[in-house]
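In: Take a look and give me a structure for this.
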Amino acid sequence: MFGAVSRSLFRSVRTPAAVRVASASTQAFKNISYEVEDGIAVVTFDQQDSKVNTLNMDMSYEFGELVKQLENNSSIRGAVILSGKKNNFIAGADINMFTKCKTSEEMEAISRNAHPLFDALEGGKPIVAAIEGSCMGGGLELALACHYRIASSNPKTVFSLPEVMLGLLPGAGGTQRLPKLIGLQAALPIILTGKNVRPKQAQRMKLVDSVADPSALRSAAVQAAKGLADGTLKVNREPKGMKKLIAQVLEGTEFGRNFMFDQARKMVMKQTKGVYPAPLKIIDVLKESATKGFGSTAGFKAEAKAFGDLGITPESKALVTIYFGQTACKKNPFGTPQKKDNNIAVLGAGLMGAGITEVTVSKGANVVLKDATQEGLARGIDRVYNNLNKKTRKRRMTTFERDQTMSRILGLSNTDSNWQQHFGHTDMVIEAVFEDLTLKHNIIREIEAITPEDCVFATNTSAIPITKLAEASTRPQNFIGMHYFSPVEKMPLLEIIRHPGTSDETAARAFAMGLRQGKTPVFVKDVPGFYVNRSLGPYSDEGLALLLDGAKIDQVDNALLKFGFPVGPMTLVDEVGIDVAVSVGKTLKDDLGVRIGTADETLMQTVVERGMLGRKSGKGMHIFPKNGKKSVNPEMVELIEELRAEHNNPSSGLTSTQDIQMRMATRFINETAHCLQDEIVDNPVVGDIAAVFGIGFPPFRGGPFRYLDAYGVGNFVDVMYKYRDQLGPQFEPAQILKDYAKTGRKFHNE
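Out: Okay, the predicted model is just below:
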């Protein structure tokens, strides 16, 4: 979204310094400059005191003045817009502007005031956008208002309209110009999902007109601007052949458009359960605009109105806090490490090891992947290759890029007689073998003996205390925990755990590696389960308690899906592995006491004994056929009923959808409060981000502590007391919740 602001907001900002003349052919503002080459103004966006260009208030003002200058200067025939930032064209709007708006009218004004500026750009002299790096949100909307777009083939170049991820829609003409340019069918998934589009794909869909080598981008853009100005460059973006026929049927008829919108709405409801208002509002705006014409006055009006309405919803405000929280969590608290780690060894080629390998080599590092057996190694390498190959089929990477990435992997197993020699230059080891203390201790001793003195040894464990694992290390200052979440290539969170002897440099290097792998790293205390799994323990325990209280497997799943979780708890335990969940539960029991283990353990013990471990064994809470959808496992249902009959315990009656949601949510959130109280996480922001990115706590609720602030801590404690009195002491609120309830204090003050 472009950063123009309402007059009321604009008056509070000091007008930037007047334009100065740098030379006869160069004009400059504070953040924007241009020089004229043979009648073509080459404009450079270079926002001061920022790593990226954003369309904030100063930049918006300067750009408006620039457009006027270009139009009023008769010696300028056209212009090129490019960026002075590395790997960034324009990242989008300055999100801080949105947080200042208190009413829908103020939000709407931001959108309305952006429209005439981009209209002036679109209606003026020929402008070419020369795009290298991230072109997102308002940056893409600016490019759409230009007359020609050239993308750099730089791998960092990417296009997207991610406003939906903030609970908004594109507000500077994106809902109008994108469908008008590439067609409604291609525009829908971009606007509805915020998906990234790479240069070649952008060229195929006519989002950009050509792709140039980075070294030739500027000259190609200048030549294009000259061609547009003198009429020698003719642009024809009309679809041809079958594409044209499909467009005529789907987009050229009311029936076809309604079909597309109906399908889009079904997809949104299936994926979000209707808890996010932005995607549904986007469909409404696109539907109205399609009827009255994309780019029409009515279309722009509908966009601005919807932008204003969405901007003040609780969902959008929560999603914006997630954005700021994630940004805060990506700042390395120990500063830039002295050493950059490029040679990584991953021990264990199972699901976790393969995933860690994939996210590491995909970011340009080299990996030695070692497994005990050749068969296990082959499965791990195949998994990485298959995941990368899926990207080639979806045209998200080329076959050359896939093969280049795979070439960074050196696979080794115990059958290779000289495997030890490949560890002599290792910068960091990430161990991901089975959760067995003795096995891990033996591996630590073995690998430390053949790696350099400054090599970091990171262990990926979900439950074993790092302090206990570090007992086997001869270099405890280099030892640290890095807890990844499965599947590693998809889950964004990384928990980093220090033990008392871990050095700050080791912590800084682990954090830097997590960032490089595309993770959001958070430091958590070395306690059983760390933060996410520790909070999941009572949540999972309550899920089992609900089944034994008469709730059905799919009933529990559906209730939590409606609450906003991406998967239900019964599906989650099948994906994680029931045996793993049982093991983690046992690890947590001594530490959490009455807060876990209140449900009868007989059921899960019997399930594990029968080999019903979840997806990996083909059945657990559900049956997972090789072909077809999963279904509730009747054997599991029978076991539950047998156990209920054996204990002859009547249902509490607290199994309605709302009760299921609140029983599960209170157990989880209460434990996150215990974690904050016990300093397992440093602050509520970390607690929110880790819960959202680690388990999928509903992002539109902002995380457990944002949820508490919105629900009211006092109200939440009252609900817990109700369940405590009827169901037991596992619902006793954490002391920090009781204290906050008494004083009316919030976890977030802003």
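
In: Who's the closest spatial neighbour of the residue nearest to the spatial centre of the chain, skipping the chain neighbours?
Out: Among the residues of the chain, the one closest to the centroid is P492, at 6.4 Å (CA atoms, centre = their mean). Of all residues not flanking P492 in the chain, F693 sits nearest, at 4.6 Å (CB to CB, 6 or more residues apart in numbering). For every residue, glycine as well, the C-beta is placed using N, CA and C.

In: So that neighbour sits against M491, correct?
Out: Yes - between F693 and M491 there is a contact under CB atoms under 8 Å: 7.3 Å.

In: what's V522 sitting at in phi/psi?
Out: phi -140, psi 140 (degrees, to the nearest 10).

In: partner residues bridging it?
Out: Taking DSSP bridges, one obtains E495 as the residues bridged to V522.

In: Which residues are in contact with it?
Out: C329, L493, L494, E495, I496, Y531, V681, V686, I689, A690 (CB atoms under 8 Å, 6 or more residues apart in numbering).

In: Model confidence at it, what's the number?
Out: In this model, V522 is scored at 98, pLDDT.

In: likewise V13?
Out: On the pLDDT scale, V13 gets 33.

In: Strands along the stretch 551-700 of the chain, start to end?
Out: 622-623, 631-632 (DSSP state E, counting those that start in this stretch).

In: thinking V573 is in contact with K616, fair?
Out: No - using CB under 8 Å, V573 makes no contact with K616, being 11.9 Å away.

In: For I640, see how far away the residue nearest to V637 when sequence neighbours are not counted is.
Out: Sequence neighbours aside, I553 is the residue nearest to V637 in space, at 7.0 Å (criterion: CB to CB, 6+ apart). Here the distance between I553 and I640 works out to 8 Å (CB to CB, to the nearest Å).

In: picking up where we left off before, want to throw the strands of the stretch 551-700 of the chain into a markdown table with mean pLDDT, mean neighbour count and distance to V608?
Out: A markdown table is the format used below for the strands of the stretch 551-700 of the chain (pLDDT from 0 to 100; neighbours: other CB atoms under 10 Å; distance: least, CB to CB, whole Å):
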| stretch | mean pLDDT | mean neighbour count | distance to V608 |
| --- | --- | --- | --- |
| strand 622-623 | 95 | 21 | 16 |
| strand 631-632 | 96 | 14 | 19 |
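
In: Which among those strands is found nearest to T520?
Out: For T520, the closest of these is strand 622-623, at 29.9 Å, according to CB to CB.

In: I'd like the distance from the closest one to the chain centre, please.
Out: 29 Å (CA atoms, centre = their mean, to the nearest Å).

In: quick one: contacts of that strand?
Out: Residues external to strand 622-623 that are found in contact with it (CB under 8 Å, 6+ apart): I553, M570, T571, D574, K630, S631, V632, N633.

In: what about V573 and K616, which has more around it?
Out: V573 (24 against 16; other CB atoms under 10 Å).

In: list the contacts for the closest residue to that one other than its chain neighbours?
Out: Leaving aside its sequence neighbours, V573 sits nearest to A581 (CB to CB, 6+ apart; 5.0 Å). Applying CB under 8 Å, 6+ apart to A581 gives the contacts S540, V573, M604.

In: The first one: neighbouring residues, count only.
Out: A count of nearby residues for S540, using other CB under 10 Å, gives 26.

In: swap in the last one?
Out: A total of 20 residues lie near M604 under the criterion other CB under 10 Å.

In: What distance do you get for it to D541?
Out: From M604 over to D541 (counting by CB to CB), the distance is 10 Å.

In: Spit out the residues that contact the two alike.
Out: Shared contacts of M604 and D541, defined by CB under 8 Å, 6+ apart, are found at G585.

In: Where do the strands of the stretch 351-500 of the chain begin and end?
Out: Under the criterion DSSP E, counting those that start in this stretch, the stretch 351-500 of the chain contains strands at 366-371, 409-413, 428-431, 456-459, 479-484, 493-497.

In: Can you tell me the strand partners of the fourth one and which way each runs?
Out: Looking back up the chat, that one is strand 456-459. Sheet pairing for strand 456-459, assigned by DSSP bridges, gives strand 428-431 (parallel), strand 479-484 (parallel).

In: Take those strands and write them to CSV, including mean neighbour count, mean pLDDT and distance to G138.
Out: Formatted as CSV, the strands paired with strand 456-459 follow (neighbours: other CB atoms under 10 Å; pLDDT from 0 to 100; distance: least, CB to CB, whole Å):
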stretch, mean neighbour count, mean pLDDT, distance to G138
strand 428-431, 25, 98, 38
strand 479-484, 26, 98, 34
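
In: out of those strands, nearest to V285?
Out: strand 479-484 (39.1 Å).

In: Name the residues that touch the closest one?
Out: Residues from elsewhere that reach strand 479-484 (CB under 8 Å, 6+ apart): 352, 355-356, 430, 432, 444, 456-462, 466, 469-470, 473, 491, 494-499, 501-502, 506-507, 510, 513-514, 519, 526, 530.

In: again, only this time at 7 Å
Out: Outside of strand 479-484, the residues within contact range by CB atoms under 7 Å, 6 or more residues apart in numbering are 352, 355-356, 430, 456-462, 466, 470, 473, 494-499, 502, 506-507, 510, 514, 530.

In: again with stretch 686-700
Out: 167, 275-276, 315, 318-319, 322, 325-326, 329, 485, 492-493, 520, 522, 531-532, 535-536, 563-566, 672, 675-676, 681, 702-706.

In: Now list the buried members of the residues you listed.
Out: The neighbour-count criterion (16 or more other CB atoms under 10 Å) marks 167, 276, 315, 318-319, 322, 325-326, 329, 485, 492-493, 520, 522, 531-532, 535-536, 563-565, 672, 675-676, 681, 702-706 among these as buried.

In: Return the subset of these lying in helices.
Out: If you go by DSSP state H, these have 315, 318-319, 322, 325-326, 329, 532, 535-536, 563, 672, 675-676, 704-706 in helices.

In: that older thread, nearest to E122 among the contacts of A581?
Out: Nearest to E122 among the contacts of A581: V573, at 53.3 Å, using CB to CB.

In: any chance of the contacts of A581 in CSV, plus pLDDT and distance to S656?
Out: Below are the contacts of A581 laid out as CSV (pLDDT from 0 to 100; distance: CB to CB, whole Å):
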residue, pLDDT, distance to S656
S540, 93, 21
V573, 92, 22
M604, 87, 25
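
In: Point out the ones among the residues you listed that are inside helices.
Out: Using DSSP H, the subset of the contacts of A581 located in helices is S540, V573, M604.

In: Isn't the first one up against V573?
Out: To tie it back to what came earlier, the one meant is S540. Yes - shown here, S540 and V573 form a contact pair, counting by CB atoms under 7 Å, at 6.3 Å.

In: which stretches of the stretch 251-400 of the chain form helices?
Out: For the stretch 251-400 of the chain, helices defined by DSSP state H, counting those that start in this stretch occupy the ranges 254-272, 277-292, 297-311, 314-329, 351-361, 374-393, 399-406.

In: tell me which residues of the first one are tucked away?
Out: Spelled out, it's helix 254-272. Across helix 254-272, burial judged by 16+ other CB under 10 Å covers G256, R257, M260, F261, A264, R265, M267, V268, T272.

In: tell me the two of those residues that are most distant?
Out: Farthest pair in these (CB to CB) is G256 and T272. Separation: 24.6 Å.

In: looking at the helices of the stretch 251-400 of the chain, which is buried most?
Out: Sort the helices of the stretch 251-400 of the chain by mean neighbour count, taking mean count of other CB atoms under 10 Å, and helix 351-361 sits at the top with a mean of 25.

In: Now do that helix against strand 366-371, angle only.
Out: Relative orientation of helix 351-361 versus strand 366-371 (axes from the mean of the first three to the mean of the last three CA atoms, to 10 degrees): 170 degrees.
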